[in-house]
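# Using only what follows, build the 3D model:
(2 chains)
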Amino acid sequence: MTEFTLYTFLAASLGLIAIGIGGVILSRNLFRIVLALSIAEAGGNLLLVLIGFRHDAIAPIIEPGRALTTMVDSIPQAMVLTSIVIGAGVQALALALAIRARASYGTLDMGIMRARMEADINRVAGAESAASLHAPASSSTLLTERKA
Amino acid sequence: MLTRYSALIFAAGLAFMLFVLFSGLPLGAPGMVVGQAVLDRAPAEVGAANIVTAVVLGYRGIDTMGELAILFAAATAIGLVLGRSRGSRHCPPAIQPGGFILRAGNDMLFPLLLVVGLYIILHGHLTPGGGFQGGVVLAAAFVLPVLARPTDMPSHAAMAWIEGLAGAAFILTGMAALAYDRAFLAPLLGTGEMGALVSAGTLPILYLAVGLKVGAELASLLLSLTEEGGD
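Numbering: from 1, shown residues only, chains lettered A, B, ... in the order given. Modelled structure (predicted):
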């Protein structure tokens, strides 16, 4: 692998991380945020594997009858194995929370969800909130519909 | 709109900063202090042809146990969040069974997926792969029938039993090393002949436990997501 390919991979992994973080900031949809998190995680995994790479080495698997040569660093690879598994758990948990939020508020959009959540909190507290004045008319009617 | 542009600028700046930081690394020729020591000692100490497996199960077995604990915590939390006790809608009647192609494909693929998954698990100490990767294939084998025949779901109780027994087997194998005055989860039973299927001591047993546990865990996790998503 040449130097150029190596730096292409570095740029790709960092680009994946940046795309993922940008997606988390930019999206309003909870499902897209989960997808963006998984993209950022893929970038991080690629970066970890890349750090353990050696120009003159083979994969860290010993074949009987072959002379011992240098191998790539196996510790980042083991760490990536851990990271992938934990990433799967985190994504599944985030998806479950998103499903729950959709069941409670009827939407995956963060803005609408926040408006409904604030309206709920205000209703429980019995306060006439200033925020409800700014909320779109549709959200308050939807809320009463849901209650009815 | 301002938020969008500032977020884009932030992400681009972050990428640039990381690129500048990481381009200073000795890419392609890392220092490998611990890595070289592991490569030198692992064949004699652990006897696994796959060095990554030697690291995952031989040198940091407790980390792997923590990883299993995290996966278990995630599955438990999902069960808690999705709350199966509330309302007794086991299977929403709106879901219709899969078509002929899906069902026939499922019948053909199910044994193949089982064989491939168990092969990957049992050869984890010889070839690329292992308990986690093979466990995911096993989970796929058990989720595929749910797509084809949504009316008869596999039971959660069986999954929970497999998962609990596999986790107990992992910990008991680790504690067996204590009886020989070794550290917790230290490989036992000698190293065996390098590259043979029965080699590397207790590592295949540990990976089999990991594979069954991961498979049952992921399958039950996907099942609870499917059940909840039905409405």
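# So what touches the lowest-mean-pLDDT helix or strand in chain B?
The weakest-scoring helix or strand in chain B, judged by mean pLDDT, DSSP states H and E, is helix B:33-45 (a mean of 79). By C-beta atoms under 8 Å, 6 or more residues apart in numbering or on different chains, the residues outside helix B:33-45 that reach it are A:52, A:60, A:62, A:70-71, A:73-75, B:48, B:51, B:54-55, B:58-59, B:191, B:194. Yep, even glycine has a C-beta here, placed from its N, CA and C like the rest.
# how about 10 Å then?
A:52, A:54, A:57, A:60, A:62, A:68, A:70-78, B:30, B:32, B:46, B:48-55, B:58-59, B:186-187, B:191, B:194, B:200 (C-beta atoms under 10 Å, 6 or more residues apart in numbering or on different chains).
# do the next helix or strand after that helix and chain A meet at all?
Next helix or strand after helix B:33-45 toward the C-terminus (DSSP states H and E): helix B:51-53. Yes: on the criterion C-beta under 10 Å from any C-beta of the partner chain, helix B:51-53 is in touch with chain A at B:51-53.
# Can you name every helix or strand that the helix or strand following helix B:51-53 contacts?
Using DSSP H and E, the helix or strand that follows helix B:51-53 towards the C-terminus is helix B:61-82. Applying 3 or more C-beta pairs under 10 Å, 6 or more residues apart in numbering or on different chains; DSSP states H and E, one finds that helix B:61-82 makes contact with helix A:74-105, helix B:131-148, helix B:156-179, helix B:203-229.
# Mind listing what's buried along helix B:61-82?
Within helix B:61-82, the residues that qualify as buried are B:61, B:63-65, B:67-68, B:71-72, B:74-75, B:78-79, B:81-82, counting by 16 or more other C-beta atoms under 10 Å in any protein chain shown.
# Okay, buried residues for stretch B:106-117 please.
B:106, B:109-110, B:113, B:116-117.
# contacting residues around that stretch?
Identification of contacts with stretch B:106-117 by C-beta under 10 Å, 6+ apart yields B:98, B:129, B:133-149, B:211-212, B:215.
# starting at the chain centroid, how far to stretch B:37-51?
Relative to its chain's centre, stretch B:37-51 lies at 22 Å (C-alpha atoms, centre = their mean, to the nearest Å).
# Which positions within it qualify as buried?
Residues of stretch B:37-51 classed as buried by neighbour count (16+ other C-beta under 10 Å): B:38-39, B:42-43, B:46-51.
# in the chain, which ranges drop under the pLDDT threshold?
I'll assume chain A. For chain A, the stretches flagged by pLDDT under 70 are A:1, A:67, A:128-148.
# try chain B instead
For chain B, the ranges with pLDDT under 70 are B:84-96, B:152, B:195, B:228-231.
# Can you give me the distance of the residue most central in space within it to residue B:76?
Taking C-alpha atoms, centre = their mean as the criterion, residue B:132 is the residue nearest the geometric centre of chain B, at 2.7 Å. The spacing between residue B:132 and residue B:76, counted by C-beta to C-beta, to the nearest Å, is 19 Å.
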